[in-house]
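Visitor: Please work out how this folds:
(2 chains)
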Amino acid sequence: MLDKLLKTDRRIIFAILAVVVIIAILFPVGLAIQVSEPARRLYREIESLAPGSYVFLSFDYDPASMAELDPMALSVIRQCFREDLKIVSLGLWPQGVLLGEANLEKAAEEYGKEYGVDFVNLGYKTGGIVVISGISTDLRNVFPQDYTGRDIDELPILNGIDNLEPFKLVVTFSAGDPGVRHWVMIAQARYGKKVGCGSTAVQAPAFYPYLQSGQLVGLVGGMKGAAEYEQLIKLPGLATAGMDAQSFAHAVIVFFIVFGNAIFFLKKRSNSR
Amino acid sequence: MIHTIGIWIAALLTLCIFSFLYKDNPFYRFAEHLFVGVSAGYWAMYSWYNVLLPNLGRPLFMEHRLILLIPLTLGILMLLRLFPKIGWLSRWPLAFIVGMTSGYYLVTFLQTNALAQARATIVPLNNINNVILIVGVATGLLYFFFSTQHKGAVGVSARIGRMFLMVAFGASFGYTVMARISLLIGRIYFLLEEWLHVI
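Guide: The predicted model follows:
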């Protein structure tokens, strides 16, 4: 019996997990979401900015990480528009540009913001850390045009903006390199800019030391972080909807870890007798 | 109409990929090969129109910025890897990349990930968090100190350090599980909402 349980087909576990996730999405129970301090710190940082301040957003992810990063990007953009902040964005990942643009357009429609006046998307440049370094000193040299090919001199939002100096905050939504690490290395360490981040859950633990040292002003980690941010701006969305499924799936995994270990030790004890 | 076709293709390819969880099969292999082929084509065109043309082609041939002949030459040398007899020439641009990147990263990386982090551990021992922080850093570093045997006080400290590492690995694993489940939720949400319209 114990042998049979130890050799449970992993496909049964996959099936159970899938069923649990589907049921939790179809019949949400609305489990409470506690907002963590790192997410709250980023929220407060944006709230503290005066209307008209400039915020730089970097969309450093691709469709593989959309489930985690899209909701938090949308929430931060909504908060920026709600507070009348000006958004200048780019992508260090090529597909991030279009994903970011979709979120910007969606939020702009909700808040009546205009492209080129309230926000702009500079597009993608290859080079990662070199791009960050370039825009820190001469933004117009690195991005003479926006992502649509429009000359940036024609865009009112960029009048008098030549580098990162006027930006009160940089927020990167990052799924890997180039991403958070590089923004911290150049924008924060070299040019003294405040940097916040939204990151995939996989890499979030690696950024907590930056948070503790003050190199990051806030951190939104994974779908849980995105759900927290949706709570903070009081606009529940995709991440909040997914949190029931997330919690139940975790419960299933914890159950199987405990179950597997219990069976393992029972087997070990019965062998030693 | 096109949007609907796109959603159907995305949904069917998602199911093809998920079918691997049962076992390897032709549907999975079809989706996998399609992904590799489409990605290669996408990246080739993207690189041409968004990297090579705006950064090299137009500035060099239309604005006559001759300095760009240097990266053009280095780029061509890199492609010589494809020809075994003169492939050694590709080491020159590679050496340039390695040298430039190392020089660029060295100081900044040291400043950001070593000095700033070391400074952040110099904290007053006036609360439990700071005590845990300092004990964790000290014992963690001691665990990786191999110039003396891990016996006696050093051994105890190293074992404590190992416990801190285990906690870090556990937290990391927990976050990884959350990330993977998030991806599953994202796909299932797409299937249920955009494809089947049941939510």
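Visitor: show me what contacts the closest residue to chain B within the stretch 1-150 of chain A?
Guide: The nearest approach of the stretch 1-150 of chain A to chain B comes at residue A:67, 2.5 Å away (C-beta to the nearest C-beta). Every residue, glycine included, has its C-beta placed from N, CA and C. If you count contacts by C-beta atoms under 8 Å, 6 or more residues apart in numbering or on different chains, residue A:67 has them with A:223, A:238, A:242, B:182-183, B:185-187, B:189.
Visitor: what would the residues you listed look like in a markdown table with distance to residue B:175 and secondary structure?
Guide: Shown next, in a markdown table, are those (distance: C-beta to C-beta, whole Å; DSSP: H, G, I helix; E, B strand; the rest coil):
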| residue | distance to residue B:175 | secondary structure |
| --- | --- | --- |
| A:223 | 11 | helix |
| A:238 | 19 | helix |
| A:242 | 16 | helix |
| B:182 | 10 | helix |
| B:183 | 13 | helix |
| B:185 | 15 | helix |
| B:186 | 16 | helix |
| B:187 | 19 | helix |
| B:189 | 20 | helix |
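Visitor: In chain B, which residue sits closest to chain A?
Guide: Chain B approaches chain A most closely through residue B:186 (2.5 Å), counting by C-beta to the nearest C-beta.
Visitor: so which helix or strand takes in the nearest residue to that residue once chain neighbours are set aside?
Guide: Using C-beta to C-beta, 6 or more residues apart in numbering or on different chains and skipping the chain neighbours, the partner closest in space to residue B:186 is residue A:67 (2.5 Å). Using DSSP states H and E, residue A:67 falls within helix A:66-82.
Visitor: which helices and strands sit right next to the helix or strand of chain A at the bottom of the mean pLDDT ranking?
Guide: Every helix and strand of chain A was ranked by mean pLDDT, DSSP states H and E. The lowest is helix A:2-6, at a mean of 79. If contacts are counted by 3 or more C-beta pairs under 8 Å, 6 or more residues apart in numbering or on different chains; DSSP states H and E, helix A:2-6 sits against helix A:238-272.
Visitor: and the helix it packs on, is it in reach of chain B?
Guide: Yes - part of helix A:238-272 sits near chain B under the criterion C-beta under 8 Å from any C-beta of the partner chain, namely A:238, A:241-242, A:245-246, A:249-250, A:253.
Visitor: Going by neighbour count, which of those comes out on top?
Guide: Among the residues of helix A:238-272 next to chain B, the one with the most neighbours (other C-beta atoms under 10 Å in any protein chain shown) is residue A:242, at 29 neighbours.
Visitor: Could I get the contacting residues of that residue?
Guide: If you count contacts by C-beta under 8 Å, 6+ apart, then residue A:242 has A:25, A:67, A:223, A:227, B:182, B:185-186, B:189 around it.
Visitor: likewise residue A:208?
Guide: By C-beta under 8 Å, 6+ apart, the contact set of residue A:208 is A:38, A:219.
Visitor: again, but for residue A:169
Guide: Here residue A:169 is in contact with A:45-46, A:49, A:53, A:55-56, A:193-196, A:217 (criterion: C-beta under 8 Å, 6+ apart).
Visitor: sorry, back to before: how close does the residue of the stretch 1-150 of chain A closest to chain B sit to residue A:103?
Guide: Look at residue A:67 and residue A:103: by C-beta to C-beta, to the nearest Å, they are 14 Å apart.
Visitor: Just the element for the closest residue to residue B:27 other than its chain neighbours, please.
Guide: Leaving out its chain neighbours, the residue that sits closest to residue B:27 by C-beta to C-beta, 6+ apart is residue B:16, at 4.3 Å. Taking DSSP H and E as the definition, residue B:16 sits inside helix B:2-18.
Visitor: packing partners for that helix?
Guide: Using 3+ C-beta pairs under 8 Å, 6+ apart: helix B:2-18 touches helix B:26-47, helix B:152-190.
Visitor: List, one by one, the residues from chain B near chain A.
Guide: Residues of chain B lying close to chain A by C-beta under 8 Å from any C-beta are B:21-22, B:46, B:50-51, B:55, B:104-105, B:108-109, B:111-112, B:116-117, B:119-120, B:133, B:168, B:171-172, B:175-179, B:181-189, B:192, B:198-199.
Visitor: hmm, try it at 6 Å
Guide: Contacts of chain B with chain A, taken as C-beta under 6 Å from any C-beta of the partner chain, map to B:21, B:46, B:51, B:108, B:111-112, B:116-117, B:120, B:171-172, B:175-176, B:178-179, B:181-186, B:188.
Visitor: Report the buried members of these.
Guide: Among the residues of chain B next to chain A, those that count as buried by neighbour count (16 or more other C-beta atoms under 10 Å in any protein chain shown) are B:51, B:108, B:112, B:116, B:120, B:172, B:175-176, B:178-179, B:181-186, B:188.
Visitor: need the residues of the stretch 1-150 of chain A near chain B, please.
Guide: A:14, A:21-22, A:67-68, A:94, A:126.
Visitor: Show me those that map onto helices.
Guide: A:14, A:21-22, A:67-68, A:94 (DSSP state H).
Visitor: Filter those residues down to the buried ones.
Guide: The buried subset of those (16+ other C-beta under 10 Å) comprises A:21-22, A:67-68, A:94.
Visitor: Make a markdown table out of those residues and add distance to residue B:64.
Guide: Formatted as a markdown table, those follow (distance: C-beta to C-beta, whole Å):
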| residue | distance to residue B:64 |
| --- | --- |
| A:21 | 58 |
| A:22 | 61 |
| A:67 | 47 |
| A:68 | 46 |
| A:94 | 28 |
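Visitor: which of those sit farthest apart?
Guide: A:22 and A:94 (33.0 Å; C-beta to C-beta).
Visitor: mind checking the SS state of residue 113?
Guide: Looking at chain A here, since you left the chain open. coil (DSSP: H, G, I helix; E, B strand; the rest coil).
Visitor: Chain B, not that one
Guide: Looking at residue B:113 with three-state DSSP, the answer is helix.
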